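Enquirer: sharing a model that was predicted from the sequence below.
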Amino acid sequence: KQEVTQIPAALSVPEGENLVLNCSFTDSAIYNLQWFRQDPGKGLTSLLLIQSSQREQTSGRLNASLDKSSGRSTLYIAASQPGDSATYLCAVVDSGYALNFGKGTSLLVTP
Amino acid sequence: NAGVMQNPRHLVRRRGQEARLRCSPMKGHSHVYWYRQLPEEGLKFMVYLQKENIIDESGMPKERFSAEFPKEGPSILRIQQVVRGDSAAYFCASSPFSGGTTDTQYFGPGTRLTVL
């Protein structure tokens, strides 16, 4: 059974800092890994999707890497801004459709 | 192009009542997924449907829960005889033809169910 773990559970950083969020998964036989953002009381927004054959994806200030063999992914956020404050969720697809989510990292960027 | 729509956004029910949650997928998407987020827990897969078919309901509780995606109209998640433990946020997602292996799933804003 796939287990997805995200560390840390919560993180507070001052504006402008670069930061790294971590995600690990127990079964490396995945189709893809996705990072989502969840704002309080709202739905999920897909940030980056990495196929199992890829090593990383970039979008603006975000960069996600995938090391499938070790069961790890990182989300790098450059030059953090208060608007980046949200919960970041990591999820893997290993059965063809169902997303297996971690519990998330709650990020607070202070001005 | 409107996103995934869910209604109601908030639903309050008393124990023993029925809850009906609706989800309209993005235009052109024929695959719908339901997830549940319990307090302090991650999102958990419940059921995957295509039009008029339940493909995988392995994440659904065995009793009181059912889902449908009719040929016309939204997908419905129905919870009969709700209990306090059903209080959670229920999210619907949709995807185009691939079923999720190569395409992202697009999530709705969720329905927050509170059982009194």
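Expert: Looks like it arrived, so ask away.
Enquirer: middle-most residue in chain B, spatially?
Expert: B:W34 (3.4 Å; CA atoms, centre = their mean).
Enquirer: and the pLDDT at that residue?
Expert: For B:W34, the pLDDT comes out at 97.
Enquirer: show the contacting residues for the residue nearest to it when sequence neighbours are not counted.
Expert: Spatial nearest neighbour of B:W34, chain neighbours left out: B:M46 (4.4 Å); criterion: CB to CB, 6 or more residues apart in numbering or on different chains. Any C-beta I mention is one placed from the backbone N, CA and C, and that applies to glycine too. Counting by CB atoms under 8 Å, 6 or more residues apart in numbering or on different chains, B:M46 touches B:33-36, B:57, B:59-60, B:65, B:67, B:77.
Enquirer: so what touches stretch A:53-63?
Expert: Against stretch A:53-63 from outside (CB under 8 Å, 6+ apart): A:35, A:47-50, A:64-67, A:75-79.
Enquirer: now do 7 Å
Expert: A:47-50, A:64-66, A:75-79 (CB atoms under 7 Å, 6 or more residues apart in numbering or on different chains).
Enquirer: go on, stretch B:65-80?
Expert: B:18-24, B:32, B:34, B:47, B:49-52, B:54, B:57, B:60, B:64, B:86, B:90, B:92.
Enquirer: please identify which helix or strand holds the closest residue to A:A98 other than its chain neighbours.
Expert: Counting by CB to CB, 6+ apart, A:A98 lies nearest to B:F45, which is 4.0 Å off, once chain neighbours are set aside. Taking DSSP states H and E as the definition, B:F45 sits inside strand B:43-50.
Enquirer: in the next helix-or-strand element following that strand, which residues are buried?
Expert: Downstream of strand B:43-50, the next assigned helix or strand under DSSP H and E is strand B:53-56. Residues B:D56 are the ones in strand B:53-56 that count as buried (16 or more other CB atoms under 10 Å in any protein chain shown).
Enquirer: before we move on, what about stretch B:59-70?
Expert: B:59-60, B:65, B:67-69.
Enquirer: direction included, what does the strand holding B:F45 pair against?
Expert: If you go by DSSP bridges, strand B:43-50 pairs up with strand B:31-37 (antiparallel), strand B:53-56 (antiparallel).
Enquirer: what about dumping the CA coordinates of that strand to CSV?
Expert: Below are the C-alpha coordinates for strand B:43-50, written out as CSV (Å, rounded to 0.1, in the frame of the first residue of the first chain):
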residue,chain,number,x,y,z
LEU,B,43,-7.2,13.5,0.9
LYS,B,44,-8.3,9.9,0.3
PHE,B,45,-9.6,8.5,-2.9
MET,B,46,-13.2,7.3,-2.8
VAL,B,47,-14.5,6.5,-6.3
TYR,B,48,-13.8,6.8,-10.0
LEU,B,49,-16.6,7.1,-12.5
GLN,B,50,-17.1,7.5,-16.2
